[in-house]
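Undergrad: Here is a sequence together with a model predicted from it:
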Amino acid sequence: MVDLSVKVAALTLKNPIIAASGTFGFGQEMAEFFDISTIGAISTKGFTRLPRKGNPAPRVAECDCGMLNAVGLQNPGLEVVLQQELPFMRSANATIIANIAGDTAEDYIYITERLAQEDIAAIELNFSCPNVKEGCITFGSDPKMIELLTAECVKRSPHPIWVKLTPNVTSISDMAKAAEQGGAVAVSLINTLLGMVIDIETRRPILHNNTGGYSGPGIKPVALRMISEVYNSVSIPIVGMGGISSAEDVAAFMIAGASAIQIGTGLLVEPSLPWKILAELPELCRKLKVDRISELTGTLELWT
Amino acid sequence: MRKIEHDCTLIKKTLLNQDNIFLTFQSQIISDTAQPGQFVAIKGPAFLRRPFGIAQVDRSAGTFSLGIRKKAAGTAAFFDVEIGETISVLGPLGHGFELDGLETLFIIGGGTGIYPLLFLLETAKRKGIKTYIATGFRSNDDVLLAEEMNGLADGFCLATEDGSSGIKGFAQNALEKLWSDFSNNCGSNLEDLKSDVDNFVEHSFENSKIALFCCGPHPMMQKAATWARQIGIQCQVSLEERMACGIGICRTCAVAVKRESDAVKREPDTEVIKADAGAIKNKIDTVEVRHEPEFDYDRCCVEGPVFPAEVVQW
């Protein structure tokens, strides 16, 4: 019997598979088709203090080995999330990671405070959305801001605080260290890579936002490199993501240093992907000769 | 829980012209549950699925069909699928046309928008609704499904831009011709058929016995919708938007709609964060207040693809 449970700091998950923020909504749509309680956790669609309508369409552009998106954090806002979305997720027995975003530092702090009494497993501070003009990535590319804002949220929350990092920086390790300094119990990486797709006939970008976040199998090597780098820079656990679409990918991310992983874009194409991978993990663990999947974490042997 | 992913076998493949193909797949569940205006998202070699309106279902045979036009590599790949091959299909998806209560249905279509209208026409016919369909194409070589449509509809009018087939002009010209013939025969009863168009905003089509349904290029539908409003009949339009998931989770296929706005305004920060946030606050003085649009975004894949024309922010 292979043990698929993993720990992200003090939090135990029944398996390492987490639905990535923005690719699972708040679980309602998916619950029509799948049992959303059987995966390790669900990171909610990133939500803000007030509702956000998001960017004009087109918001998605296909590209080699993946897609760009520029949704722009469309979400119903904190009040609706508290009154409707989180209660639904709890009723479906989902393990909830609340992914929060803001225009200002106050937004993050306010939402964190309002979540204090909620039955959630963790808060994921989204400092990395590339598709909105204010906040978010502006915070996520400044180590000082990451540290300060993380510390403010940690101080005000009974919940574990994770920080989701953007790869669109010079050194992601510096950002991870700042999150650790600020008291985050984990870092999740990577968010999407900022990119552009061009229509050569109209000579315009496909996305109305001009640029968008690149996700999918194409970014996997970048994600693995960054996870390996961050693993060697901080002592807090890593939640890894970036193009995962098979059980083998899960193993690679864990070997690189991830304690748990997130599946996002892959499930947009194949909604059953998290469950398909989950079913394949025990056999893969046997093949890799581990009794507990958590034994894989950080076992990468770099060439010297 | 409902099954959404299906592996479907291709059982029939008909080349309609150089760039258009009609594919029939085996799937009892999709043929049993699909409604006209709904779509499926099918997986080819490209990364994302491609959405197609369901063009026909045969419930006794347990099959459904799609019409596909070759646009780029993504769609071209479906021309190479061989009979007997299986592909992954998500569906049926979305909110289709609402036919309840209708006695008379006008339909306008053009380009690949014609395909889902075949399913619509067959369904309307089965429900005993009188149907009048106007279609428009560039020229005779581009005309699709004319015989099928003509056979099914109570009234049919084809327009080509170069006049090589049917009347010379656009689908809108064909529609207005059908309407004028209809209203001449209808006489004084016509007013009884109409109802208050403003009621259509919230999908409230009660007492609406006559309607116009549209599927085709955006400018064609916008024009037809404006016309329907002038005439005073309800109008439903089937929209298209670039999408990723097809099931409402990614929120990429945004359609701007006029709904009761939630009035997203930035309220003053009444619960000002205390002193120790000061260090952070100083750094963010330059943040500007974000301006939200007046309208909202619905999902083309869930609330649509068929919308009441009155709610669409054209």
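TA: Arrived safely, thanks for sending.

Undergrad: Lowest mean pLDDT among the helices and strands, pick that one out for chain A.
TA: Lowest by mean pLDDT, DSSP states H and E among the helices and strands of chain A is helix A:137-140, with a mean of 78.

Undergrad: List the contacts of that one.
TA: A:105, A:127-130, A:145-146, A:149, A:164-166, A:168-169, A:175 (C-beta atoms under 8 Å, 6 or more residues apart in numbering or on different chains). Every C-beta, even on glycine, is put in place using the N, C-alpha and C of the backbone.

Undergrad: Using PDB, write out the CA atom coordinates for it.
TA: Provided in PDB are the C-alpha atoms of helix A:137-140 (Å, rounded to 0.1, in the frame of the first residue of the first chain):
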ATOM      1  CA  ILE A 137       3.000  41.200  -9.600                       C
ATOM      2  CA  THR A 138       4.200  44.700  -8.600                       C
ATOM      3  CA  PHE A 139       4.500  43.300  -5.100                       C
ATOM      4  CA  GLY A 140       5.800  39.900  -6.300                       C
END
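
Undergrad: right, and the helix or strand after that helix?
TA: Following helix A:137-140 in sequence order, the next helix or strand is helix A:143-156 (DSSP states H and E).

Undergrad: what comes up buried for the lengthiest strand in chain B?
TA: Ranked by number of residues, the top strand in chain B under DSSP state E is strand B:5-17. By 16 or more other C-beta atoms under 10 Å in any protein chain shown, the buried positions in strand B:5-17 come out as B:Glu5, B:His6, B:Cys8, B:Leu10.

Undergrad: Looking at the contacts of helix A:137-140, spot the one nearest chain B.
TA: A:Ala105 (4.1 Å; C-beta to the nearest C-beta).

Undergrad: doesn't A:Leu149 make contact with the closest one?
TA: Yes. In this structure A:Ala105 lies within contact range of A:Leu149 using C-beta atoms under 8 Å: 5.5 Å.

Undergrad: neighbour-wise, which of those two wins?
TA: Between A:Ala105 and A:Leu149, counted using other C-beta atoms under 10 Å in any protein chain shown, the more crowded position is A:Leu149 (29 against 23).

Undergrad: quick one, what contacts the more buried one?
TA: A:Ala105, A:Tyr108, A:Ile109, A:Leu125, A:Phe127, A:Phe139, A:Gly182, B:Ile280.

Undergrad: The fourth one: what secondary structure?
TA: Look at A:Leu125: counting by DSSP: H, G, I helix; E, B strand; the rest coil, its state is strand.

Undergrad: Grab the nearest non-local neighbour of A:Ile42.
TA: Nearest residue to A:Ile42, sequence neighbours excluded (C-beta to C-beta, 6 or more residues apart in numbering or on different chains): A:Ala19, at 4.5 Å.

Undergrad: residues near the one you found, how many?
TA: Neighbours around A:Ala19, by other C-beta under 10 Å: 26.

Undergrad: Pull the contacting residues for it.
TA: A:Gly27, A:Met30, A:Ile36, A:Ile39, A:Ala41, A:Ile42, A:Ser43, A:Gln262, A:Ile263, A:Gly264, A:Leu267, A:Pro274.

Undergrad: Could you check how far the first one is from B:Cys301?
TA: Using C-beta to C-beta, to the nearest Å, one gets 17 Å for the distance from A:Gly27 to B:Cys301.

Undergrad: quick one, which of those two is more surrounded?
TA: Comparing A:Gly27 with B:Cys301 by other C-beta under 10 Å, the one with more neighbours is B:Cys301, at 28 against 24.

Undergrad: host element of the more buried one?
TA: Assigned by DSSP H and E, B:Cys301 belongs to neither a helix nor a strand.

Undergrad: ok, now the one 5 residues further on?
TA: According to DSSP H and E, B:Val306 maps onto strand B:306-308.

Undergrad: do that strand and chain A meet?
TA: No. Using C-beta under 8 Å from any C-beta of the partner chain, strand B:306-308 stays clear of chain A, coming no nearer than 13.8 Å.

Undergrad: what packs against that strand?
TA: strand B:234-238 (3 or more C-beta pairs under 8 Å, 6 or more residues apart in numbering or on different chains; DSSP states H and E).

Undergrad: before we move on, the earlier item: for the contacts of A:Ala19, which one is nearest chain B?
TA: Among the contacts of A:Ala19, and counting by C-beta to the nearest C-beta, the member closest to chain B is A:Met30, at 6.5 Å.

Undergrad: can I assume that closest one sits in a strand?
TA: No. Counting by three-state DSSP, A:Met30 is not part of a strand but helix.

Undergrad: Now A:Thr299: closest residue in space, sequence neighbours ignored.
TA: Nearest to A:Thr299 is A:Ile255, by C-beta to C-beta, 6+ apart, at 5.3 Å.

Undergrad: Just the mean pLDDT for the helix or strand hosting the one you found, thanks.
TA: Secondary structure assignment for A:Ile255, by DSSP H and E: helix A:247-256. Helix A:247-256 comes out with an average pLDDT of 98.

Undergrad: cool, stretch B:171-191 as well?
TA: 85.

Undergrad: need the helices for the chain, in chain order.
TA: Looking at chain A here, since you left the chain open. With helices called from DSSP state H, chain A shows them at A:28-31, A:78-80, A:86-91, A:105-114, A:137-140, A:143-156, A:172-181, A:220-231, A:247-256, A:265-269, A:273-287.

Undergrad: if you could check chain B rather than the one you did, that'd help
TA: Using DSSP H, the helices found in chain B span residues B:28-33, B:73-76, B:114-126, B:146-152, B:171-186, B:190-193, B:218-231, B:278-281.

Undergrad: just so I know, which of those lies nearest A:Tyr231?
TA: helix B:278-281 (28.7 Å; C-beta to C-beta).

Undergrad: Break chain B down into its domains, please.
TA: B:5-93, B:104-241+B:305-311, B:254-298 (automatic domain parsing).

Undergrad: so who does the residue lying farthest from the centre of chain A touch?
TA: Distance from the C-alpha centroid of chain A peaks at A:Glu201, with 35.2 Å (C-alpha atoms, centre = their mean). For A:Glu201, no contacting residues are found, by C-beta under 8 Å, 6+ apart.

Undergrad: From chain B, how far off is it?
TA: A:Glu201 sits 11 Å away from chain B, going by C-beta to the nearest C-beta, to the nearest Å.

Undergrad: per-residue pLDDT, that residue?
TA: 95.

Undergrad: ok, now the one 5 residues further on?
TA: Residue-level confidence at A:Ile206 comes out at 97, pLDDT.

Undergrad: Then B:Val264?
TA: pLDDT at B:Val264 comes out at 40.

Undergrad: How about A:Tyr110?
TA: pLDDT, A:Tyr110: 96.

Undergrad: Repeat that for B:Gly163.
TA: pLDDT recorded at B:Gly163 is 95.

Undergrad: Please apply the same query to B:Asn20.
TA: Looking at B:Asn20, the pLDDT reads 96.

Undergrad: what do you get for A:Glu32?
TA: In this prediction, A:Glu32 has a pLDDT value of 96.

Undergrad: Kindly report the same for the one 3 residues further on.
TA: Per-residue pLDDT puts A:Asp35 at 98.

Undergrad: Below-threshold pLDDT in the stretch 101-250 of chain A: ranges please.
TA: The stretch 101-250 of chain A contains residues with pLDDT under 70 at A:133-136.
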